[in-house]
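Asker: Structure of the sequence below:
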Amino acid sequence: MSLHVLHAITRLTLGGSSENTIASCVALARAGYRCTLATSFGQSDAASLDDARRRGCSVVDVPSLGRELAPLADLAALRQLVGLIRHERPAIVHTHTSKAGFVGRLAARIARAPGVIHQPHGHIFYGYYGTGRTALFIALERLAAKWTDRIITLTDRGTEEHLARRIGRPEQYVSVPSGVPTERLRASAPPRSEARRRLGLDPSAFVVMGIGRLIHIKGFDLAVRALPRVRAANPATRLLLVGDGPGRPALEALAASLRVGDCVRMTGATTDIASHLAAADAVVVPSRNEGMGRVLVEAMALGRPVVATAVGGIPAVIADAECGRLIPPDDADALAAALVELERDAGLRRKLGEGGQQRAEAFSTTVADEKLLAVYAALAREKGLK
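Answerer: Here you go, the predicted model:
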């Protein structure tokens with residue numbers, strides 16, 4: 001197999017969409033496909049670009065490709081992608097996320113690419129924008145679906161949410177998780193005592209951890225709002241938010257206003273997820289929208305119980321009462337109650353952690369790679385690509 005594939009994503013940054021895109025390129029290259037990854041260098045993190053190159057990705061710059069709506073820049077990005085597709089002549093164009101997904105699929109249609117795959121990595125149907133803008137994006141997704149051979153969702157629930165909005169046809173969809181290297185993650189995780197020593201945490205503290213970008217959609221403000229009640233149950237409670245982003249000052253101000261600033265720590269972004277998760281007693285994912293939530297799988301792989309909101313693909317990952325707790329979105333009281341329950345019951349934490357370790361394997365890199373390669377093989381047969 002030597003088919004050429006052009007991947008397109010707006011930006012490479014620390015997070016699930018970028019990691020999944022890079023990992024897909026690596027898996028395809030290992031199977032004999034030749035991949036080019038198009039992204040905006042100016043929108044990307046230098047560290048993420050370096051990581052992609054280090055892992056063997058051929059990365060090319062599409063300078064005008066931006067995340068936000070910007071008509072002139074978007075037209076320039078369209079021209080750049082059309083030119084790239086005509087020059088590279090890929091057998092398959094594989095777009096990632098909403099913005100690159102629309103512009104990239106339109107470019108593929110104009111340049112007459114033989115095969116087109118889109119991978120939204122979630123969606124923006126709620127939690128992000130107001131009614132008008134959301135309706136526009138849904139209309140654009142409906143249009144772009146007509147130019148697409150396969151739409152890859154992270155979970156079956158993601159497929160259901162797209163079809164409920166009349167985006168595409170059922171036969172276009174296939175679910176491929178954002179694969180987590182579970183074995184490697186476990187091998188790299190230090191013992192709990194060592195992880196806490198590195199982070200300067202008291203061995204007896206009840207440590208609640210959130211990992212991700214500090215932005216509104218991730219819902220970490222709910223974790224801060226839940227903290228007074230959890231700390232009332234155990235004064236040694238500590239909340240670690242591992243990540244960075246524009247929402248950090250607001251979260252710090254919120255913690256101060258609730259008088260819990262002394263037990264909230266924001267560590268900044270890290271690539272060493274295992275060492276941080278190993279220090280946690282419970283992991284919170286209070287997102288307002290989430291495609292799948294790689295951190296859910298990472299936490300489960302290390303035997304950490306998770307409390308997460310029932311939005312997006314999360315209910316497809318977390319089996320309530322089996323490996324964690326599902327709560328309604330935007331409900332700080334429900335989050336607090338679930339955390340207090342876990343704080344008081346070490347046996348429950350252990351039971352949910354063990355259940356999570358088993359369930360995590362359904363979202364492993366091995367499973368994800370097999371499913372992705374099956375999608376490509378089926379499309380190549382359907383299109384007669386060689």
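Asker: now the stretch 1-150 of the chain, which segments are flagged as low pLDDT?
Answerer: 1 (pLDDT under 70).
Asker: no no, the stretch 201-350 of the chain
Answerer: Within the stretch 201-350 of the chain, not a single segment meets pLDDT under 70.
Asker: Can you name the residues bridging to the residue nearest to residue 41 when sequence neighbours are not counted?
Answerer: Nearest non-adjacent residue to residue 41, counting by Cβ to Cβ, 6 or more residues apart in numbering: residue 61, 4.4 Å away. Glycine gets a C-beta too; all of them are placed from N, C-alpha and C. Taking DSSP bridges as the rule, residue 61 bridges to residue 39.
Asker: From residue 69, how far out is residue 61?
Answerer: Between residue 61 and residue 69 the computed distance is 21 Å (Cβ to Cβ, to the nearest Å).
Asker: Compare these two (neighbour count), which wins?
Answerer: Neighbours were counted for residue 61 and for residue 69 using other Cβ atoms under 10 Å; residue 61 has more, 15 against 11.
Asker: Hmm, residue 37 and that one touching each other?
Answerer: No - the pair residue 61 and residue 37 does not pass the contact test of Cβ atoms under 8 Å, sitting 10.4 Å apart.
Asker: so residue 298 makes contact with residue 180?
Answerer: Yes - using Cβ under 8 Å, residue 298 is in contact with residue 180, at 5.7 Å.
Asker: ok, these two, which is more surrounded?
Answerer: Between residue 298 and residue 180, counted using other Cβ under 10 Å, residue 180 has the larger neighbour count: 29 against 24.
Asker: That one contacts residue 360, correct?
Answerer: Yes - with contact defined as Cβ under 8 Å, residue 180 and residue 360 form a contacting pair (7.0 Å).
Asker: Now do the shared contacts for these two.
Answerer: 297, 301 (Cβ atoms under 8 Å, 6 or more residues apart in numbering).
Asker: The chain: strands as residue ranges?
Answerer: Per DSSP state E, the chain carries strands over the ranges 4-8, 34-39, 58-61, 92-96, 115-119, 150-153, 173-175, 206-211, 237-242, 264-266, 282-285, 306-309, 324-327.
Asker: closest to residue 364 out of those?
Answerer: Ranking the strands of the chain by proximity to residue 364 (Cβ to Cβ) places strand 173-175 first, at 14.5 Å.
Asker: Partner strands of the closest one and their direction?
Answerer: In the sheet, strand 173-175 lines up with strand 150-153 (parallel) (DSSP bridges).
Asker: CA-only coordinates of the partner strand in PDB, if you can.
Answerer: What follows is strand 150-153 as a C-alpha-only set of coordinates in PDB (Å, rounded to 0.1, in the frame of the first residue of the first chain):
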ATOM      1  CA  ARG A 150     -16.700   8.800   5.400                       C
ATOM      2  CA  ILE A 151     -17.300  10.700   8.600                       C
ATOM      3  CA  ILE A 152     -15.300   9.400  11.600                       C
ATOM      4  CA  THR A 153     -16.700  10.100  15.000                       C
END
